[in-house]
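1. only geometry, no sequence info:
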């Protein structure tokens, strides 16, 4: 997996950090955080925190004590050990887009289907830049609502051998996901020993954790599976319009959720989550790849490190409706700061389009190119005497060229990043090739990848057991 | 103008800098640098440097003594004082694309004309993100070769009131440009006192300065007008394939050119130039917006600061043939590191397409959006108690929204960057508006800008004198 050994780009001064620190303390203690599940409130109450109605007023020192119980970093196992990832430290793991109800293929935008879900899973398996297909890579709208989590989990488990995410729609769904993961990895002990599922728990920002998400959190944390406690903040709507206020709220929300996980099972793995952008104040539309989201992203990394926690943020976000120039520059505007911040778990790394409403086939390919370019860019230079190539200058001389130099011949295959999508063809050659723009080339690439896709091997007995589980549970759920 | 008060992102360790430092010293002293103009060689010889044939073998300490004479930063005056820029320190000045023989308008790619040159000048005047139209914003191929510098300079002087660049095709052209600038600013003294022209002197890398560029350099440096001494390096062709080797060569070339300027006129303003990317090792095509160019760019900033010099690098570079997703992500892949490095003079900030062969109207608009977004992003946050908006939380409560909060109402007009090109319209609205992608919207924007363009006022006597100069010189040059 990729490890980012380049420096972090940090923009908050010590004074700024101190101000933010005072800010979240005041929020959790004076405004408090709502937990819409009595089990959560009971745990906080039993631990000495003040509870009024659904609101828990938290002592900041208590919160920090809980946070201190969380591991700084941890492994997340894949069924193919070569694809096991590490979450935290300098490790960066990349998962595909999560959540879109629609898909876009070329000029067609339509509801996502289970076959789209499977196709995106195959693509995520195919692209080395990705560590995971994620979870809800698109909503499979042609499957029954109550049981689709079974089909999705089965697809993630069988079509990929990379890590995958847990379903969080309800406690029931979480239990099913865990049960299927126990089957895949052999036992409950196997996945409690080394977690095998990572799950997204979104805050209903501002300052409210909803009941269904909490149900799922209870299941996953109890099973020692990491949860990503994520304030869902579009500044101007779910937080005040100032970035510092959004950062303070983000800390308050993330840490309160993390504290709950530590009450459920002390020492269970958690991730400081961030999904931070802003709305267009004229239309109210969410916007992505904005300057504000870039700043928020850089600050989030620094804040998470301040609390010693692995963190999730970033991705290839864009508001654009199609995989055009805006989609390209907004995705890069998010992904490059993702690397500068050293995000540990990068959701939405590939396929995000139209503010997250659409999983785009072409955009998926584009983003994989971007992630791979940046993985290359954020690999430290080796600078030593040999790298200076003095002899090549002796060989080539003034005004010459290095194409045929010995030093070049020895290195030309590997010296530069080789794009699979970007074109540097000269105009005549590009015209002869059909004058295809990036999106058209991306179409060809994903189609070829799907044609050439090979399902990773899985023990047939395990596959049958998984299938039997899906069939039985689907019947029980009435679908 | 924009000042970048954010931290610089530096990736070279002290050890790495020391290795690079040893490298350029060895290059200039053992391989030497070719100067294809006897006046240059005579100056070096008179200053005690060894000259053999066209090659000058430089004592590194001598080079550094010359470099130390250059100003660390300086002003560059525009005829509208509001548009005067500062070069160096935390100031960043942005000029449009420089050099393309072709233009692209929508689906049409054709040779550039004088009317295109004028149109791009008008656009550069129109967009606040740009400090300059640059110089050769496109080659006006429908004008005579010998006298087109007169028409170009006249256009830059009259259609914009921002700073502009000097013609460097020959000493004759440079003298004409200086003479016209003296007319515009009133006298030779006026522009020697505060420079009013910045000019690009490219190295014929590796390690050769050509005669025509040197002729221009002699004119500009003697007139105290800044020159940008720029190694022109596509790694693999004009330098070895390793980035450290390219960096060392870049230092050797830039500093040798700067040393010459200081011999011509001690204390004259200079800029450490960088144009550093790589070729595709399979096709030999130049590539831009690559990981290697991003790394080179970051290192260049650090190196220029090491020598205490203002520096030029960056821009909205791309290999893409059209303003598509690749054009967007490669431009951002170059522009974001441009800001991270804090480049002082950013050429090619708007309009660059197809590896610099094409000035794109749509790409021009796209890049202006990117520069403006990044200027916004690289403005430090103000983090204080008031910015935390505690009262807004009291007003809104858990799970509420901030759209109507007092804190929001007071700030909604200015709180976030407002794009002029990017769209966050929802799908239905976007479809009703004609489903225009970024390039189509950019077409509408540049057309509207050209329609609404107003020529900045200029004293009629000065304009007539400039025109008379152009007419007279064109006749003398036989066109």
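-> Yep, that arrived. What you see is a predicted model, and the numbers here were worked out from it, not measured in a lab.
2. so what touches the helix or strand where residue A:447 lies?
-> With elements delineated by DSSP states H and E, residue A:447 resides in helix A:438-452, which encompasses its position. When contacts are taken as CB atoms under 8 Å, 6 or more residues apart in numbering or on different chains, the neighbours of helix A:438-452 outside the stretch itself are A:105-106, A:119, A:122-123, A:126-127, A:322-324, A:328, A:361-366, A:420-423, A:434, A:436, B:320, B:324-327. Backbone N, C-alpha and C define where each C-beta goes, glycine included.
3. what subset of these is buried?
-> Among the contacts of helix A:438-452, those classed as buried by 16 or more other CB atoms under 10 Å in any protein chain shown are A:105, A:119, A:122-123, A:126-127, A:322-324, A:328, A:361-366, A:421-423, A:436, B:320, B:324-327.
4. for residue A:241, grab the count of nearby residues.
-> 27 (other CB atoms under 10 Å in any protein chain shown).
5. make that residue A:299, sorry
-> Using other CB under 10 Å, residue A:299 has 27 other residues around it.
6. cool, and residue A:407?
-> Per other CB under 10 Å, the neighbour tally for residue A:407 reads 21.
7. which ones are touching the residue lying closest to it once chain neighbours are set aside?
-> Distances taken as CB to CB, 6 or more residues apart in numbering or on different chains place residue A:392 nearest to residue A:407, at 3.9 Å, with adjacent residues excluded. Residues touching residue A:392, when contacts are defined by CB under 8 Å, 6+ apart, comprise A:402, A:405, A:406, A:407, A:408, B:240, B:245.
8. and residue A:392, what element?
-> Element membership for residue A:392 (DSSP H and E) is helix A:390-396.
9. what's the model's confidence in that helix, averaged?
-> Per-region confidence: helix A:390-396 scores 95 on mean pLDDT.
10. got the contact list for residue A:153?
-> With CB under 8 Å, 6+ apart as the criterion, the residues that contact residue A:153 are A:164, A:167, A:176, A:177, A:180, A:181.
11. same deal with residue A:191?
-> A:77, A:178, A:181, A:182, A:185, A:197, A:223, A:224, A:225.
12. in helices, which of those residues appear?
-> Among the contacts of residue A:191, the members falling in helices are A:178, A:181, A:182, A:185 (criterion: DSSP state H).
13. narrow the residues you listed to those that are buried.
-> Buried positions within the ones in helices among the contacts of residue A:191, assessed by neighbour count (16+ other CB under 10 Å), are A:178, A:181, A:182, A:185.
14. which one of the residues you listed is nearest chain B?
-> Proximity of these to chain B, judged by CB to the nearest CB, is greatest for residue A:178, which lies at 28.3 Å.
15. excluding sequence neighbours, find me the nearest residue to that closest one.
-> Computed as CB to CB, 6+ apart, the closest residue to residue A:178 that is not its neighbour in sequence is residue A:223, at 5.2 Å.
16. also residue A:184?
-> Once flanking residues are discounted, residue A:184 sits nearest to residue A:157: 5.3 Å by CB to CB, 6+ apart.
17. what about the one you found, helix or strand, and which?
-> Assigned by DSSP H and E, residue A:157 belongs to helix A:148-159.
18. pull the residues that contact the next helix or strand after that helix.
-> Next in sequence after helix A:148-159, counting helices and strands by DSSP H and E, comes strand A:164-165. With contact meaning CB under 8 Å, 6+ apart, strand A:164-165 is reached by A:95, A:98, A:132-136, A:153, A:156-157, A:197-200.
19. now swap in stretch A:15-30 and tell me
-> Residues from elsewhere that reach stretch A:15-30, judged by CB under 8 Å, 6+ apart: A:12, A:57-60, A:63, A:207, A:244-245, A:247-249, A:251-252, A:255-256, A:302-303, A:306, B:381, B:383-385, B:388, B:390, B:393.
20. OK, contacts around the nearest residue to residue A:118 once chain neighbours are set aside?
-> The spatial neighbour of residue A:118 that comes closest, neighbours along the chain excluded (CB to CB, 6+ apart), is residue A:155 at 5.2 Å. Residue A:155 makes contact with A:114, A:117, A:118, A:121, according to CB under 8 Å, 6+ apart.
21. check residue A:40 too.
-> The contact partners of residue A:40, by CB under 8 Å, 6+ apart, come to A:56, A:209, A:214, A:218, A:260.
22. and the fourth one, what element?
-> According to DSSP H and E, residue A:218 maps onto helix A:211-222.
23. so residue A:338 sits in a strand?
-> No - when the secondary structure is assigned by DSSP: H, G, I helix; E, B strand; the rest coil, residue A:338 falls in helix instead of a strand.
24. count the neighbours of the residue nearest to it when sequence neighbours are not counted for me.
-> Excluding its sequence neighbours, the residue lying closest to residue A:338 (CB to CB, 6+ apart) is residue A:314, at 2.9 Å. Residue crowding around residue A:314 was assessed by other CB under 10 Å; the count is 31.
25. list the residues that contact the spatially most central residue of chain A.
-> In chain A, the C-alpha nearest the mean C-alpha coordinate belongs to residue A:347, at 1.4 Å (CA atoms, centre = their mean). By CB under 8 Å, 6+ apart, the residues touching residue A:347 are A:95, A:97, A:98, A:134, A:200, A:228, A:312, A:314, A:315.
26. one more: residue A:280?
-> When contacts are counted by CB under 8 Å, 6+ apart, residue A:280 touches A:286, A:287, B:416, B:424.
27. how about the second one: what's its closest non-neighbour residue?
-> So that's residue A:287. In space, and not counting its chain neighbours, residue A:287 is closest to residue B:424: 4.4 Å by CB to CB, 6+ apart.
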